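Asks: Could you look at this predicted model? Sequence included:
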Amino acid sequence: MNEYLHERARQLLAESVVEGLRPADEAWLREHLAACPDCSQEAAATQNVLRALRAVPVSVPRDLAARTQLRVRLRAQQTSPAANGTFWLWAVTAASWLLGVFSAPLVWRGFAWLGANFGVPKLALEFGFILWWTVPPLLAGAIILHQKALTAEWSNKN
Amino acid sequence: MTDDTHALATGLRQRDPDLLDRLIEQYQQRLYRYLLFLTGNPSLAEDLFQETWIRVLERGSQYNGKSKFESWLFAIARNLVIDASRRKKVSSLEDLGDPDSNTPYDPPDERAASVLQMLVTRENEQIVQLSLLKIPAYYREVLLLRFSEELGLEEIAAVMATPISTVKSRLYRGLTALKTVMTEGAV
């Protein structure tokens, strides 16, 4: 048999496993393999290699999946939206504190006006002014509590 | 986009822990095998396995559901293998990107091969599997993706970020290289 035919058969064999064959080429190859023991042996060897490749049995370490799941959950918890809220907590606290500082003179004047025009007792005015200064920590406390609630919810879900 | 991949993309975007647990279970064998044969080093393969899933968690929003999940997963794993090979000299991670370079192939060390051999359980297939370790990683990778993972040519091209023509040529050359190693009885 012509060597060119064997070469073509080998090329088609490779093509058949990599990208598939056109029906005409497939028919030609089938016919050639039926008549050529050498190429038929080559085809069988190729199929053996592919079978082994398809069934590469590897033992996954017993607890690898479990360890990975745990690590992923921990990372998820660390980077949860609740954990990321720290920046906003600081931002809101800083903003409210600045607001308190810069508005203090105005608030003081406002309280003095109230006292002069409505006869509000001095003690009540002082209490109101102190309350004004406690707004930032109260706000921050509320946010922290809210965050803790979010974290607890996330942990329960995980 | 199918309903399944859409649900998967949504779950990954929401960092759904139960979904991630299921995916880790489902893909553990395939991903570990891919990493093990790519690195030839069980310990490194374990580290990269875990890192891959951390990346899936952190970059889940980047999966758009238009491609197969496994293609995306293997692409992440592949990038981590390349990063690892840059950080430290790993013998079987030579130049995954350029098979036409003149860099000679440095076969995996005997220790890695023997550890791997212990993990391979079926005797009849050992010849092929150990032969795999004797061929360059860029051939080994493409053969595994095509015939073990049964990815299509386009999917492999996506994993490797390379043209389909390159994938095909590596498959042809890889099959030839594998058969040559086996017939030479070099295992």
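Replies: Arrived safely, thanks for sending. Numbering: from 1, shown residues only, chains lettered A, B, ... in the order given.
Asks: now the helix or strand encompassing A:Glu7: how far from the chain's centre is it?
Replies: A:Glu7 is part of helix A:3-18, with elements assigned from DSSP states H and E. Relative to its chain's centre, helix A:3-18 lies at 47 Å (Cα atoms, centre = their mean, to the nearest Å).
Asks: got the buried residues for it?
Replies: A:Arg8, A:Ala9, A:Arg10, A:Leu12, A:Leu13, A:Ala14, A:Glu15, A:Val17, A:Val18 (16 or more other Cβ atoms under 10 Å in any protein chain shown). C-beta here means a position set from N, CA and C on the backbone, and glycine is covered the same way.
Asks: Please apply the same query to stretch B:34-50.
Replies: Applying 16+ other Cβ under 10 Å to stretch B:34-50 flags B:34-42, B:44-46, B:48-50 as buried.
Asks: follow-up on the earlier one: for the record, mean pLDDT for the helix holding A:Glu7?
Replies: In this model, helix A:3-18 has a mean pLDDT of 90.
Asks: Can you dump the C-alpha atoms of it in CSV for me?
Replies: Extracted in CSV, the C-alpha atoms of helix A:3-18 (Å, rounded to 0.1, in the frame of the first residue of the first chain):
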residue,chain,number,x,y,z
GLU,A,3,3.0,5.2,2.0
TYR,A,4,1.0,8.4,1.3
LEU,A,5,-2.2,6.6,2.3
HIS,A,6,-0.7,5.6,5.6
GLU,A,7,0.4,9.1,6.2
ARG,A,8,-3.0,10.4,5.4
ALA,A,9,-4.6,7.8,7.7
ARG,A,10,-2.3,8.9,10.6
GLN,A,11,-3.2,12.6,10.0
LEU,A,12,-6.9,11.8,9.9
LEU,A,13,-6.6,9.7,13.1
ALA,A,14,-5.1,12.7,14.9
GLU,A,15,-7.7,15.0,13.4
SER,A,16,-10.5,12.7,14.5
VAL,A,17,-9.6,13.0,18.1
VAL,A,18,-8.7,16.7,18.1
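Asks: hey, C-alpha coordinates of the helix or strand just after that helix in CSV?
Replies: Next helix or strand after helix A:3-18 toward the C-terminus (DSSP H and E): helix A:23-35. The C-alpha atoms that make up helix A:23-35 are tabulated as CSV, following Å, rounded to 0.1, in the frame of the first residue of the first chain:
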residue,chain,number,x,y,z
PRO,A,23,-18.2,12.2,7.0
ALA,A,24,-16.3,11.6,3.7
ASP,A,25,-12.9,11.5,5.5
GLU,A,26,-14.4,9.4,8.3
ALA,A,27,-15.7,6.8,5.8
TRP,A,28,-12.3,6.8,4.0
LEU,A,29,-10.4,6.3,7.3
ARG,A,30,-12.8,3.5,8.4
GLU,A,31,-12.2,1.7,5.1
HIS,A,32,-8.4,2.1,5.3
LEU,A,33,-8.3,0.9,8.9
ALA,A,34,-10.2,-2.2,8.0
ALA,A,35,-7.6,-3.1,5.4
